[in-house]
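**Student:** Need coordinates for the below:
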Amino acid sequence: MKLTEKRGGEFTPHPPTKGTVKAVIVDVTPLKTVQSEYGDREVFRLVYESEVEEDGKRCCVWSRPFTPSLNEKANFRKELKKIMGRSLTKLETEEFETESLVGMGVELIIQHEEGKDGKTYAVISFIGPDADPIKPSGKYTRVVDRPDKDAPVSGDQASYRKAPAAAEDEGRTGWQKVKVHVGKHSGVDLGDLPQDAVDALIKVWLPLTKANPKPKADDKRLMMALIEVQQLLGEPVEEEASY
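**Tutor:** Model prediction:
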């Protein structure tokens, strides 16, 4: 697919992770028309096969839905920056082949969230490039290659039907929705920042703010969100005062 789902059901979500885990992109699903509060729209998802295994088989997790847009404010373009660890080149913004993502290695943090429908979803809350990527196991069958895309799966493929993918507004955890109010990323959700920008906030901004005895409300929100990210990454977190 050049840029110029599964059916619902009760499936076991990908286990939540402690810190980052290695994963590899194994699918870019075909465009599918879905209904949203803004009307019908076409969306696709990325499928990640992680190193986490259950019953001797790797688990998979689906991204939130993306519209096929490379607009600067588009969610897919923000996701690409995190996956690739860099901004798109001018040539890539003119035409990007999504198939080039298949086989690309990443590092993920996966959390569990309960959606509005009461179901538990596996949510990708952190993503970054992997310098030493794993290879696909070869057991996943791409959606486009399945004879009946809506038919129930069985056997090896059943291990990949881990959970209905979260809707776009449900595929975000609390810390991801916190607005950054400092620096060049002011006004951007913390969850939309690339890994290097989050690292910079943790290493530079966070210690200075912790030292402030009377932080403002916006500082408190961002500070607690960054502390949560530290914990998810498995980094040591000093005992905090009650803010």
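
**Student:** switch to C-alpha atoms for all contacts and neighbour counts from now on
**Tutor:** Fine.

**Student:** What residues sit buried inside the lengthiest helix in the chain?
**Tutor:** When the chain is parsed with DSSP state H, its longest helix is helix 217-232. By neighbour count on 16 or more other CA atoms under 10 Å, the buried set for helix 217-232 is Asp219, Arg221, Leu222, Met223, Met224, Ala225, Leu226, Ile227, Glu228, Val229, Gln230, Leu232.

**Student:** same for whichever helix or strand Tyr121 is part of, what does it pack against?
**Tutor:** Per DSSP states H and E: Tyr121 is located in strand 120-129. With contacts taken as 3 or more CA pairs under 8 Å, 6 or more residues apart in numbering; DSSP states H and E, strand 120-129 sits against strand 57-62, helix 75-84, strand 105-114.

**Student:** that older thread, pick the one among the buried residues of helix 217-232 closest to Arg86.
**Tutor:** Arg86 has its nearest neighbour among those in Val229, at 20.5 Å by CA to CA.

**Student:** mind listing what the closest residue to the closest one other than its chain neighbours touches?
**Tutor:** Nearest residue to Val229, sequence neighbours excluded (CA to CA, 6 or more residues apart in numbering): Trp175, at 7.7 Å. Contacts for Trp175 (CA atoms under 8 Å, 6 or more residues apart in numbering) come out as Leu190, Gly191, Ala225, Leu226, Glu228, Val229.

**Student:** so what's Arg58 closest to, chain neighbours aside?
**Tutor:** Arg58's closest residue in space is Val52 (CA to CA, 6+ apart), at 5.6 Å.

**Student:** Distance from the chain centre to the host helix or strand of that neighbour, please.
**Tutor:** Element membership for Val52, per DSSP H and E: strand 46-54. Here strand 46-54 is found 13 Å from its chain centre; the criterion is CA atoms, centre = their mean, to the nearest Å.

**Student:** And the average pLDDT for that strand is what?
**Tutor:** When pLDDT is averaged over strand 46-54, the result is 94.

**Student:** And that strand, what's buried?
**Tutor:** Buried-residue list, strand 46-54, by 16+ other CA under 10 Å: Leu46, Val47, Tyr48, Glu49, Ser50, Glu51, Val52.

**Student:** ditto for stretch 122-134
**Tutor:** Here stretch 122-134 shows Ala122, Val123, Ile124, Ser125, Phe126, Ile127, Gly128, Pro129, Asp130, Ile134 as buried, counting by 16+ other CA under 10 Å.

**Student:** Need the pLDDT of the closest residue to Ser87 other than its chain neighbours.
**Tutor:** Distances taken as CA to CA, 6+ apart place Lys81 nearest to Ser87, at 5.2 Å, with adjacent residues excluded. For Lys81, the pLDDT comes out at 93.

**Student:** before we move on, what about Ala151?
**Tutor:** 44.

**Student:** Likewise for the one 3 residues further on?
**Tutor:** Note for Ser154: predicted pLDDT of 35.

**Student:** can you check Gly174 too?
**Tutor:** 78.
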